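Peer 1: generate a structure from the sequence data that follows.
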Amino acid sequence: MRLNYCHADIYQNDIIIKNIQMNFRLLFTLLLVLTISIAQAQYWQQRVVYKMNIDFDDTKHQFSGDQELTYFNNSPDTLTRVYYHLFFNAFQPGSMMDIRSQKIADPDSRLQDMASYTQEEIGFLHVESLSQNGKQVNYKESGTVLEVILDKPILPGKKTVLKMNFKAQVPFQTRRSGRDNAEDVAYSMAQWYPKLSEYDTEGWHPDPYIGREFYGVWGDFEVNITINSEYVLGGTGFVKNPKEVKHGYGGYEGKPDTERVTWRFEAENVHDFMWAADKEYLHEIVKVNDDLEVHLLHKDNPDYNPNWDTLAMTIPKLFNYVNWRFGEYGFKKYSIIQGGDGGMEYPMATLISGFGSLKGLIGVTVHELMHSWYQMALATNELKYPWMDEGFTSYASSVTSNYLYHGDSLGIPTFARAMKSVLYLSENDKNEPLSIHSDHYKTNYAYGVNAYSKGTIYLHQLSYIIGQQNLDETLRRYYEQWKYKHPGPDDFLLVAEKVSGLQLDWYNAYYVYTTKKVDYSIKAVYGKANETKVVLERKEGFILPVDLLVELNDGSQVVYNIPLQIMYGNKNPGKNQNMQFAEPWAWVNPEYELTIPYGISDIASLNIDPEIRTTDIDRDNNRIKINNDEGILYILEQ
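Peer 2: Predicted coordinates for the structure are as follows:
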């Protein structure tokens, strides 16, 4: 009996154990699913689908439109209201853009004429009716922002349909968008429609339009524009009815048979829609490969047409290099359109000035094209981090222009201009940290240097820290990992950490959020017959690793890399095979002593940061010559 009891007891215990194991596996599976769901939820993106019909009156420079917008709430939040941008309301006297241009210390000269605009010359964009799922809702227009109180909240994972009717007037072109500009382009239609504000992990971003940057929701567009048939149009997306408009978009050449035609555009997975129109546009298509066409639209002007012909011949080389260096362009079409106001990027297209030098035309095209990587695909919040768009774009366009004109070597001159601007601002009382919101800079000058030059040098100096090869790989991996996800500064730096194997959070802490300066110096040299001690000093607050170039009298060179202790590793030396790695420098120590195995009589010179990749404010104390014609400059014999 005892034996039978034991068998039964064991059997029951086995069942209990198996049940525990099954429950544990089930619990583990649920926890794993929950963990994956939470991880995925961190990268949610809202989504929109726009359908718009536009009736354009070129005699009054006005248009009316209807918009159906399907909004997908992919966030974990319940939304009780939404916001739209009404950009055209900025182009009139008394707007925030107008007041800002009057009050800022160094106003944009292009914005000074709005005070004299007549009612026929101003811009406006007004919503005339708005409904949610067929029911009218309350809304309030406040300058360039429309606040909408929803009839029913949008729950997480749900969608809603917003329909509106609106009316607009195109202003004289003062900045980016408008009519009849200095190059006589009829219409540059940017920021022209009621555009839904972005909602992300930080909430809504209904920033008033002051004239700076943008932030938008990923989505699909169907835009039908009915206009005088004499106009040639170009813009974001694809023309879906080329045979009807008959302007060379894969259809018949020549003008349509009717007085008015409807251009039907479609674009997928973009966060804005731009178009332009002129009666004198020439239209050329360059086929880069089987998957990409580049459309060029520009005024028919015999003085400048040859420049556009040369640009067309440059396009394949340009795209092939950029695709290899920074990642594949994400669409099957790109349009380069003469818009008459400098250059401004938009999804799948850019507006640029068309009357100027050949080098200027190619230069602005390269810059605006690179925005297709750092804003049209990555789409960082430009209002908060303009340097991640303009700066990264400027870095990439400098690299690309250097390739087009000089081959693929990156030397000191490539970033010399940007470096000079950064150093000048660092010593100026107008200096502000990169973390300033783009609309809230005290001066346009500080914004321009920070967004463009300091953003460029952020990457150039990072190559000093982690190595050029690591930086190149970081930029490629960053693009592939974060396109269509609105990354921020920490997201980029995390990619750099994974590529380099180094800890880099200190870099953003110093470079983005402070105005601390870089100044490393050679404080003293103690020479012996068979070794030399070099004392380095950090004289300002910004911490960095140090590359010290030792030039010997026999013509040979060796670079000593001194990493920061908090990096926990060394840079990738790349092609520099003569790089030696020294002990780390703990940032709490302002001085560092390096012993090198060369007698003082063997050394010709010592040089900190010989490739000029850092924002060191005083390079006079970076380099000393040991044995020159004037004798020993700075030696302390031991």
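Peer 1: residue contacts, the residue nearest to the spatial centre of the chain?
Peer 2: In the chain, the centroid-proximal residue (Cα atoms, centre = their mean) is residue 389; its distance is 1.9 Å. Residue 389 sits next to 213, 371, 374-375, 380, 382, 451, 455 when contact means Cβ atoms under 8 Å, 6 or more residues apart in numbering. Heads up, the C-betas are built off the backbone N, CA and C, glycines and all.
Peer 1: try 7 Å this time
Peer 2: Residue 389 makes contacts with 213, 371, 374-375, 380, 382, as judged by Cβ atoms under 7 Å, 6 or more residues apart in numbering.
Peer 1: which one of those is nearest to residue 542?
Peer 2: residue 380 (23.8 Å; Cβ to Cβ).
Peer 1: in helices, which of the contacts of residue 389 fall?
Peer 2: Counting by DSSP state H, these place 371, 374 in helices.
Peer 1: can you lay out the contacts of residue 389 as CSV showing pLDDT, distance to residue 581 and neighbour count?
Peer 2: Output for those, formatted as CSV (pLDDT from 0 to 100; distance: Cβ to Cβ, whole Å; neighbours: other Cβ atoms under 10 Å):
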residue, pLDDT, distance to residue 581, neighbour count
213, 79, 41, 22
371, 97, 38, 23
374, 95, 33, 27
375, 94, 38, 27
380, 95, 34, 24
382, 93, 39, 20
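Peer 1: returning to that earlier point: where does the residue nearest to the centre of the chain sit: helix, strand or coil?
Peer 2: Secondary structure for residue 389, judged by DSSP: H, G, I helix; E, B strand; the rest coil, is helix.
Peer 1: I'd like the distance between the residue lying closest to it once chain neighbours are set aside and residue 141.
Peer 2: The shortest distance from residue 389 to any non-neighbouring residue, by Cβ to Cβ, 6 or more residues apart in numbering, is to residue 375 (4.5 Å). Separation of residue 375 from residue 141 (Cβ to Cβ, to the nearest Å) stands at 28 Å.
Peer 1: show the pLDDT at residue 601.
Peer 2: pLDDT recorded at residue 601 is 88.
Peer 1: what about residue 281, neighbour count?
Peer 2: The local packing of residue 281 (other Cβ atoms under 10 Å) involves 22 other residues.
Peer 1: give the contact list for the closest residue to it other than its chain neighbours.
Peer 2: Nearest residue to residue 281, sequence neighbours excluded (Cβ to Cβ, 6+ apart): residue 232, at 3.9 Å. Neighbouring residues of residue 232 by Cβ under 7 Å, 6+ apart: 247, 277-278, 281, 283, 297.
Peer 1: tell me which two in these are the farthest apart.
Peer 2: Spanning the widest gap among the contacts of residue 232 are 277 and 283, at 12.1 Å by Cβ to Cβ.
Peer 1: which one of these two is surrounded by more residues?
Peer 2: Ranked by neighbour count (other Cβ under 10 Å), residue 277 and residue 283 place residue 277 first, with 25 against 17.
Peer 1: what's the helix or strand for the more buried one?
Peer 2: Assessed by DSSP states H and E, residue 277 sits inside strand 275-278.
Peer 1: centre of the chain to that strand, how far?
Peer 2: Its chain's C-alpha centre and that of strand 275-278 lie 25 Å apart, by Cα atoms, centre = their mean, to the nearest Å.
Peer 1: show me what that strand is packed against.
Peer 2: When contacts are defined as 3 or more Cβ pairs under 7 Å, 6 or more residues apart in numbering; DSSP states H and E, strand 275-278 packs onto strand 187-189, strand 232-235.
Peer 1: rebuild those as a markdown table, extending it with distance to residue 74 and mean pLDDT.
Peer 2: Listed next are the helices and strands packed on strand 275-278 as a markdown table, based on distance: least, Cβ to Cβ, whole Å; pLDDT from 0 to 100:
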| stretch | distance to residue 74 | mean pLDDT |
| --- | --- | --- |
| strand 187-189 | 29 | 96 |
| strand 232-235 | 27 | 96 |
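Peer 1: does residue 205 touch residue 214 like I think?
Peer 2: No. If you go by Cβ atoms under 7 Å, residue 205 and residue 214 don't touch, sitting 9.9 Å apart.
Peer 1: who's more crowded, those two?
Peer 2: Between residue 205 and residue 214, counted using other Cβ under 10 Å, residue 214 has the larger neighbour count: 24 against 18.
Peer 1: relative to residue 76, how far out is that one?
Peer 2: In terms of Cβ to Cβ, residue 214 sits 25 Å off from residue 76.
Peer 1: residue 567 too?
Peer 2: 36 Å.
Peer 1: more neighbours: which of these two?
Peer 2: Each of residue 567 and residue 76 has its neighbours counted (other Cβ under 10 Å); residue 567 has more, 22 against 12.
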